[in-house]
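[1] heads up, no residue letters with this:
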């Protein structure tokens, strides 16, 4: 199980390694494709790996099973909203919004992707904890599918961090390190959730939906605007569909 929680971090690291193959910036079409694909994966993961299991675990409440899932989902959205406001970072559309704090652009870009990775690490940790503590509605293969899906969508995020920094003159070794470090919060978050899961198991429907809400916030606030603005938005939409279908197939096939 401990290997599973490292899989998303590996995806980020491999994406950051793209800096060794690019000479300059990622092209606009490629960036929209990466953002769209990541969005599709995260939406499918939120639904199939998190919200559906949360609803299944709350099924003993009958028609009121939506209540804990709704509460968890909204708290997850609020949690990311607060982090988004409190932590100074650059939005992935490279706008100048949020530049007032005086932090270097490099630092803000790394913080942006690090912020995105927090709910993903928590999501993997929550699902792994559910399996480890014997929840019959969560399987090892389901946890593996979620980890693989997040790792795949982390690949473009790692590239989105490292390649733009290369264009600003940051050495390749440092840009790779920054991209890799942006994903370190995922295994840390997953481990913290697993360690405390013995107390949190009764709250599993809330926790699963909390992670889903946090991930959906990232998609709606950052990734979809990035893929939809300007020219070539159809590329982002097509890649969104590809990412969604791939993650759905992983979750249903392995789960």
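    In hand now; what should we look at? The model shown is predicted, which means the values in this text are computed figures rather than measured ones.

[2] all helices of the chain, in order?
    Along the chain, the segments classed as helices by DSSP state H run 2-16, 28-44, 52-57, 66-86, 105-132, 140-167, 172-181, 185-195, 197-200, 204-218, 224-228, 233-254.

[3] and the ones you listed as JSON lines, adding mean neighbour count?
    Backbone N, C-alpha and C define where each C-beta goes, glycine included. JSON lines is the format used below for the helices of the chain (neighbours: other CB atoms under 10 Å):
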{"stretch": "helix 2-16", "mean neighbour count": "22"}
{"stretch": "helix 28-44", "mean neighbour count": "24"}
{"stretch": "helix 52-57", "mean neighbour count": "21"}
{"stretch": "helix 66-86", "mean neighbour count": "17"}
{"stretch": "helix 105-132", "mean neighbour count": "24"}
{"stretch": "helix 140-167", "mean neighbour count": "25"}
{"stretch": "helix 172-181", "mean neighbour count": "19"}
{"stretch": "helix 185-195", "mean neighbour count": "20"}
{"stretch": "helix 197-200", "mean neighbour count": "13"}
{"stretch": "helix 204-218", "mean neighbour count": "26"}
{"stretch": "helix 224-228", "mean neighbour count": "21"}
{"stretch": "helix 233-254", "mean neighbour count": "18"}
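
[4] how about these in CSV, adding mean pLDDT?
    Listed next are those as CSV, based on pLDDT from 0 to 100:
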stretch, mean pLDDT
helix 2-16, 86
helix 28-44, 83
helix 52-57, 86
helix 66-86, 88
helix 105-132, 74
helix 140-167, 78
helix 172-181, 84
helix 185-195, 84
helix 197-200, 68
helix 204-218, 85
helix 224-228, 81
helix 233-254, 86
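
[5] gap between the nearest residue in space to residue 123 that is not next to it in sequence and residue 155?
    Spatially, and ignoring its direct neighbours in sequence, residue 123 is nearest to residue 211 (3.7 Å; CB to CB, 6 or more residues apart in numbering). Distance, residue 211 to residue 155, using CB to CB, to the nearest Å: 20 Å.

[6] next one: residue 226
    Distance from residue 226 to residue 155, by CB to CB: 16 Å.
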